[in-house]
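Chemist: what's the 3D shape of this:
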Amino acid sequence: MLETKICTKCGFQKSVNDDFWKLATSKDGIASVCKSCRKVEKTNYYLRIRDDASYKNKKRLANYPSKYGVTYQDKQLALFAQGGVCAACKQKATLWHLDHCHKTSNVRGVLCQKCNQALGMVNDSVERLESLIGYLKGDRKLLFLPEVTI
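Modeler: Prediction:
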């Protein structure tokens, strides 16, 4: 069994047991890039895509053609038709979601992340949303707490 191996990234000879990951798909069962070089690769990759909203949207939409019958271009056209704003709150955003009916899977529009999550939290229930609106408009004095004078 190998004791050392040369990393294909940095070119240094390193201990197989301490400095390389096991990799069943490689010929010798050991990764060709050492752990420290792999860590640098992963860090650079995540730094590059971390704030790239277009990358995140493309990745998120990769499964939409098969799941919802909607392509990335379809989503962009729908967003353009909505004036580039959320179909619910009419605000601009950087992260967009295709809103769909969970019963029929029909796409209803493009929502910002907050509106999409809000609908998800109430299970698309009109009654629950109306109840929340009533709560927000009403006097929310906590009746069960004793009066405290400061």
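Chemist: Per-residue pLDDT of the residue lying closest to residue 86 once chain neighbours are set aside, please?
Modeler: Of all residues not flanking residue 86 in the chain, residue 112 sits nearest, at 4.0 Å (Cβ to Cβ, 6 or more residues apart in numbering). Where you see a C-beta, it was placed from the backbone N, CA and C, and this is true even at glycine. With respect to pLDDT, residue 112 scores 95.
Chemist: Verify the stated contact: residue 112 with residue 90.
Modeler: No: Residue 112 is beyond contact range of residue 90, at 9.6 Å (criterion: Cβ atoms under 8 Å).
Chemist: With neighbour numbers in mind, choose between those two.
Modeler: In this view residue 112 and residue 90 are compared by other Cβ atoms under 10 Å, and residue 112 has more residues nearby, 21 against 11.
Chemist: Just list the residues touching the more buried one, thanks.
Modeler: Contact analysis of residue 112 by Cβ atoms under 8 Å, 6 or more residues apart in numbering lists 86, 88-89, 91, 93, 95-97.
Chemist: For burial, what's the neighbour tally of the nearest residue to residue 105 once chain neighbours are set aside?
Modeler: Nearest-residue entry for residue 105: residue 68, 6.3 Å, with adjacent residues in sequence omitted and distances by Cβ to Cβ, 6+ apart. Residues lying near residue 68 (other Cβ under 10 Å) number 16.
Chemist: Look up how far residue 86 lies from residue 68.
Modeler: According to Cβ to Cβ, to the nearest Å, residue 68 stands 18 Å off from residue 86.
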